[in-house]
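1. this is a predicted model, with the sequence first.
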Amino acid sequence: MKKALSVVAMVAAVCFMASTALAIPDADLQGLATKAIAYYKANGKEKAVAAFNDPKGQFVKGDLYVVVIDYNGIVAAHGGTPALTGKSLYDQKDPNSGKYFVREMIDAAKSPTGTGWVSYSWMNPVSKKIQPKKSWIQRIENANSFAIVGTWQ
């Protein structure tokens, strides 16, 4: 019995460590957003969208990817689900809380700093499960758009 409890405790500890290892440091999210915006500015929208949507490209690493949305809620690029490109997410609600999280992202991008954090639930393209997510929002100057990079909680 003691051996079984020890195994259960060990498995629980490993699962906890694995789940906490999924969260990526805030600075890494902000850095990837800044890198994506610099790429967008240097190469133009068309080339940037192709790079952000490329599942084997420099802007997609497993369940970490770049999204670009304009101020109308239209997806310009989505590294996790490229099929969302061209779709409106303006009325997208968080399936758990019911809040309009894309509208909150637009507000952050339009704020004086052009940045902010937004928490919501979204389908993880790797696990195929709805999971809590925290995303960094960063305005793309002179593009009426913003970049999003998030981590699963």
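-> Right, received. Where do you want to start? Owing to the predicted nature of the structure, the values given are computational and were not obtained by experimental measurement.
2. what helices or strands is the helix or strand hosting F146 leaning on?
-> For F146, the host element (DSSP states H and E) is strand 145-152. Counting contacts by 3 or more CB pairs under 8 Å, 6 or more residues apart in numbering; DSSP states H and E, strand 145-152 is packed against helix 26-53, strand 64-70, helix 101-110, strand 130-140. For every residue, glycine as well, the C-beta is placed using N, CA and C.
3. and it, which strands flank it?
-> strand 64-70 (antiparallel), strand 130-140 (antiparallel) (DSSP bridges).
4. which of the ones you listed sits closest to L84?
-> When these are compared by CB to CB, strand 64-70 sits nearest L84, at 8.3 Å.
5. got the angle between that closest one and helix 101-110?
-> 80 degrees (axes from the mean of the first three to the mean of the last three CA atoms, to 10 degrees).
6. count residues in the vicinity of A51, would you?
-> 19 (other CB atoms under 10 Å).
7. same check, this time on G73
-> 17.
8. give me the pLDDT for the closest residue to it other than its chain neighbours.
-> Distances taken as CB to CB, 6 or more residues apart in numbering place Y90 nearest to G73, at 2.7 Å, with adjacent residues excluded. As predicted, Y90 sits at a pLDDT of 98.
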